[in-house]
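In: Sequence isn't available, so here's the structure alone:
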């Protein structure tokens, strides 16, 4: 979809995910010009490589990552479906097993995005972020 969009992976809730974008599309959104101006937050921030993020997603096995920042957040009107973008790694889905843990992870990732502070986070084999530490 021009200017970003979502990919629906199934009929159930919480299965959509963000699509990558080009630097040109992101620039148009920030400047409020072009067809990308009306798109939602489904884009990959500038300086990122979607192929690298896709390759990294296949090898997740309880991995801790530290000293990284959150450059974007993505969510959709589905039950417990939110993602954070980490430069050099790509989009990472926040654990959606329980309401309380999901809301805590969204709050921490959002605060990290808002303040530009570095985080430490843990991904599990299911490809989701299960822990975030923010100072």
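Out: Right, received. Where do you want to start? It should be emphasised that the depicted structure is a prediction, and the values quoted were computed from it without experimental measurement.
In: Count residues in the vicinity of the closest residue to residue 75 other than its chain neighbours, would you?
Out: Distances taken as CB to CB, 6 or more residues apart in numbering place residue 82 nearest to residue 75, at 4.1 Å, with adjacent residues excluded. No exception for glycine: its C-beta is placed from N, CA and C like everyone else's. Residues within reach of residue 82, counting by other CB atoms under 10 Å, total 21.
In: Spell out which helix or strand contains residue 105, please.
Out: Residue 105 belongs to helix 99-115 when assigned by DSSP states H and E.
In: circling back: could I get the pLDDT score of the residue nearest to residue 75?
Out: pLDDT recorded at residue 82 is 94.
In: Check which residues of the very next helix or strand once past the helix holding residue 105 are buried.
Out: Of the helices and strands lying after helix 99-115 in sequence (DSSP H and E), the nearest is strand 119-123. Buried residues in strand 119-123, counted by 16 or more other CB atoms under 10 Å: 119, 121, 122, 123.
In: ok, now stretch 122-129?
Out: Neighbour-count burial for stretch 122-129, counted by 16+ other CB under 10 Å, picks out 122, 123, 128, 129.
In: quick one: which two of the residues you listed are the most distant?
Out: By the measure CB to CB, 122 and 128 form the most distant pair in the buried residues of stretch 122-129, at 9.8 Å.
In: Need the overlap of contacts for the two.
Out: Residues touching both residue 122 and residue 128 (CB atoms under 8 Å, 6 or more residues apart in numbering): none.
In: the bottom helix or strand of this structure by mean pLDDT?
Out: In the chain, no helix or strand scores lower on mean pLDDT, DSSP states H and E than helix 50-57, which sits at a mean of 49.
In: Please report how far residue 91 lies from residue 100.
Out: Per CB to CB, to the nearest Å, residue 91 is found 23 Å from residue 100.
In: if you count what's nearby, which of those two comes out ahead?
Out: A direct count of neighbours by other CB under 10 Å for residue 91 and residue 100 places residue 91 higher, at 22 against 8.
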